[in-house]
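Novice: Mind looking at a prediction? Sequence and model below.
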Amino acid sequence: TGQAETLILLDQNKTPIHPAISWLDMRSRKECDKLYSELCYHITGQLKLIPTWTITKMLWINCNKSDLQSV
């Protein structure tokens, strides 16, 4: 088995700084819904943004974990 889009944040010493966010975690759903637009479809061809993507997890961290933004 694999963990595909699981996100693990590391500091400069490669030490985890936050619990892993599993590939199937959907906590970024709100950010995906807010960010998606027709322009997004026009640029990417994607019908929607998917909460399981690593980039949407990073967006969730940016919006919800201010203590990790400077790392």
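Specialist: Yes, it's here.

Novice: contact partners of whichever helix or strand Thr56 is part of?
Specialist: Per DSSP states H and E, Thr56 falls inside helix 54-64. The contact list for helix 54-64 (C-beta atoms under 8 Å, 6 or more residues apart in numbering) reads 5, 7, 9, 18, 21, 25, 27-28, 31-32, 35, 49-51, 68-69. Quick note: C-beta positions are derived from backbone N, CA and C, even for glycine.

Novice: which of those count as buried?
Specialist: Glu5, Leu7, Leu9, Ile21, Asp25, Ser28, Glu31, Cys32, Leu49, Pro51 (16 or more other C-beta atoms under 10 Å).

Novice: Next, format those residues as CSV and append pLDDT, secondary structure and distance to Asn62.
Specialist: Converted to CSV, these look like this (pLDDT from 0 to 100; DSSP: H, G, I helix; E, B strand; the rest coil; distance: C-beta to C-beta, whole Å):
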residue, pLDDT, secondary structure, distance to Asn62
Glu5, 87, coil, 17
Leu7, 92, strand, 12
Leu9, 92, coil, 12
Ile21, 95, strand, 13
Asp25, 95, coil, 15
Ser28, 94, coil, 10
Glu31, 87, helix, 9
Cys32, 87, helix, 13
Leu49, 83, coil, 14
Pro51, 91, coil, 14
